[in-house]
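Asks: After the sequence you'll find the predicted model.
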Amino acid sequence: MNIQNDKQRERPSFLVDGMLGSLARKLRILGFDTLYSADDDSRLMAIARETKRYLVTSDTELFFLSRRRKLKSILIVSRTDRDRLYEVLSSLGESEINLERSARCSVCNGELIVSGRREKERSILTCVSCWKSFWKGGHWKKLFVLFEEVDAMLRERRC
Ligand SMILES: [Zn+2]
């Protein structure tokens, strides 16, 4: 995995439709600015246009409609988070997962700041918007395995 700082690169941002909440949370944890909305199709397309986001949807009709309207959009056809994450990142041409990017709040997409320490080296991160706190506990191991799998899939594709 790339642990280099990639601030120089413009990061894509997303608007994820109401069917894909779990994917939206994972994109936020990976540091992508990600809105999640269960609004109707026309509202989703309006938000995507206004905010210049990729519209991420598993709704084929919405995907083709947004393409016709020249919006950036990504169609999700897979059923697991691992495959869905791969679909998003590979369609953007990403060749690896970058875990050094600052995570965003998985609940509200707010920015996280370091607010303390837990046990030895674990930072506690707090969201500046909803004040929820996070740290890399047991759930993180599962997430890390998933991110590693997606990373391997992206690297394999690159070869
Ligand atoms: Zn938050």
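Replies: Noted; the coordinates are in hand.
Asks: From here on, just use CA atoms for contacts and neighbour counts.
Replies: Will do.
Asks: Residue 145 sits in which helix or strand?
Replies: helix 138-158 (DSSP states H and E).
Asks: Same question for residue 36.
Replies: Assigned by DSSP H and E, residue 36 belongs to strand 34-37.
Asks: which other helices and strands contact that strand?
Replies: strand 14-17, helix 21-29 (3 or more C-alpha pairs under 8 Å, 6 or more residues apart in numbering; DSSP states H and E).
Asks: Mind putting those into TSV with mean pLDDT, mean neighbour count and distance to residue 70?
Replies: Output for the helices and strands packed on strand 34-37, formatted as TSV (pLDDT from 0 to 100; neighbours: other C-alpha atoms under 10 Å; distance: least, C-alpha to C-alpha, whole Å):
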stretch	mean pLDDT	mean neighbour count	distance to residue 70
strand 14-17	98	25	15
helix 21-29	97	22	22
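Asks: out of those, nearest to the ion?
Replies: helix 21-29 (10.4 Å; C-alpha to the ion).
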